[in-house]
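Whatever this is, show me its structure:
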Amino acid sequence: MNKNLLPLTLGGLGIGITEFVMMGLLPDIAKDLTVSIPKAGHLISAYALGVVIGAPLLIIIAGKYPPKKILIALMVMFTAFNAFSAFAPTFNTLFIARLLSGLPHGAFFGVGSVVASRIAQKGKEAQAVSMMFMGLTIANIIGVPLGTYIGHNFSWRISFAVVVAVGLITLLSLKLWLPALEAAKNRDLKAELGFFKKKEAWIIILMISIGTGGLFTWYSYIAPLMTEVAGFSPGAVTYILMLAGLGMMAGNFIGGLLADKYSPAKASAVLLLAMMVALTIVHFVSANQVLALVMTFITGAVAFSLAAPIQMLMIQSAKGSEMLAASASQASFNIGNALGAFFGGLPLVYGFDYTSPAYVGAAMALIGAFFAFWLIKSKSNNNIAEPKQKYAVMH
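Predicted coordinates:
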């Protein structure tokens, strides 16, 4: 790994832990703050809402500053708000803390992906972006299980203290190792916002919001799928999630390679179709423990292989608005999180078994692939040549 990319990976690690560890800490937080588990689940929604709000807003406010200063400021916010979470005395204050913690999430990945593409070797921009997202996969393999264990056996507040520690380490690494790139010159905010007037922008946003929702129809209900259908013990779920995390790490690397070798749009289209196939297979084989484990790894790999291609697709499609567009893709990803969990839960409400969310996810992935192919056709009809190894960067 390029040492200059390590601060971005560490930032992704901290963000990944605080985003996903909440799923495992809900019973502990609910008991400690004397609320129901469904009400504690609102803390997950609060974080996602913070991402959606903060991703474009913070870029609009801070986009005129040098990327290094922006990333340091975002990580200061992230660390401070997670410290607030660790000490929050009531449910309402924790809800506010989680909302605030989500604000820098999308902006960090938005700015970070542009920085990664600028400091990467020519032709390896998407692979550099995948190194930033590798922090998210490491979080799912190590950070989230560790944070959940600490929360169950000691205190959920210590879990957030671990996130704070990662934030502090990230701040130090940003200061020491991240190159001091120039700020955008002659920034025109109105022109940047003009990106959202383009049909292409909304095709990509719909592709991400609906297509990646397929991942969350499966991942949101993976625990009951493995215990109720595959027959694993509840204690095995932690290790199954680690297996999914290993798949995500492998897929993240593969996605970066595919986006560099072909193009982000083509890679996204093919990978969304692959997700549809994987989720369909999950529906049919989950009753077999061995095949269920195999598909846990494969589905995690296929789903997370989209991370780098969709981020590079946004950057490539938004010349002059790269950071704003890249942060919008993170907001869209969190919309996909919410949509996937909601639509995946609908068949369960009507009495279908825990394999049914996979069908919903397959449909969402197919719709996402439709938008990806529409984008490719739209580019072709407009005679826009999509470069294989040339990406728009901030000027």
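
what's the helix or strand containing Trp202 packed up against?
Using DSSP states H and E, the element containing Trp202 is helix 199-211. Packing partners of helix 199-211 (3 or more C-beta pairs under 8 Å, 6 or more residues apart in numbering; DSSP states H and E): helix 264-285, helix 307-317, helix 322-349, helix 356-381. Yep, even glycine has a C-beta here, placed from its N, CA and C like the rest.

Looks like Asp28 contacts Asn153 (just checking).
No: at 9.6 Å, Asp28 and Asn153 do not qualify as touching, with contact defined as C-beta atoms under 8 Å.

Check which element follows the helix holding Trp202 along the chain.
Next along from helix 199-211, by DSSP H and E: helix 213-219.

contact partners of the following helix or strand past that following helix?
The element immediately downstream of helix 213-219 (helix or strand, assigned by DSSP H and E) is helix 222-224. For helix 222-224, contacts defined as C-beta atoms under 8 Å, 6 or more residues apart in numbering pick out Pro234, Val237, Ile240, Leu241, Ala244, Thr296, Tyr354.

So among the residues you listed, which ones count as buried?
Val237, Ile240, Leu241, Ala244, Thr296, Tyr354 (16 or more other C-beta atoms under 10 Å).

my guess is the third one contacts Pro145, does it?
The reference is to Leu241. Yes: taking contacts as C-beta under 8 Å, Leu241 lies within contact range of Pro145: 6.7 Å.

what angle do the helix or strand hosting Ile15 and helix 307-317 make?
Under the criterion of DSSP H and E, Ile15 resides in helix 6-32. With axes from the mean of the first three to the mean of the last three C-alpha atoms, to 10 degrees defining the directions, helix 6-32 sits at 120 degrees from helix 307-317.

Helix 6-32 to helix 322-349, inter-axis angle?
Going by the same axes, to 10 degrees, helix 6-32 makes 30 degrees with helix 322-349.

Mind giving me the packing neighbours of helix 6-32?
helix 37-40, helix 42-62, helix 67-87, helix 91-119, helix 125-138, helix 144-153, helix 156-177.

The ones you listed into TSV, with extra columns for mean pLDDT and mean neighbour count?
Formatted as TSV, the helices and strands packed on helix 6-32 follow (pLDDT from 0 to 100; neighbours: other C-beta atoms under 10 Å):
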stretch	mean pLDDT	mean neighbour count
helix 37-40	80	14
helix 42-62	88	21
helix 67-87	96	21
helix 91-119	93	25
helix 125-138	90	27
helix 144-153	87	19
helix 156-177	96	20
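
Tell me which of these sits nearest to Phe20.
helix 144-153 (4.8 Å; C-beta to C-beta).

From the chain's centroid, how far away is the closest one?
Here the centre of helix 144-153 is set off from its chain's centre by 21 Å, with C-alpha atoms, centre = their mean, to the nearest Å.

what angle separates that helix from helix 6-32?
30 degrees.

So what's the residue count around the residue nearest to Ala325 when sequence neighbours are not counted?
Leaving aside its sequence neighbours, Ala325 sits nearest to Ala318 (C-beta to C-beta, 6 or more residues apart in numbering; 3.4 Å). When neighbours are counted by other C-beta atoms under 10 Å, Ala318 registers 26.

what residues are up against Ser321?
Contacts of Ser321 (C-beta under 8 Å, 6+ apart): Ala191, Glu192, Leu193, Gly194, Phe195.

If we use 7 Å, what do you get?
Glu192, Phe195 (C-beta atoms under 7 Å, 6 or more residues apart in numbering).

Give me the pLDDT for it.
For Ser321, the pLDDT comes out at 84.

can you check Asn334 too?
85.

got a list of what it touches?
Ala48, Val51, Val52.
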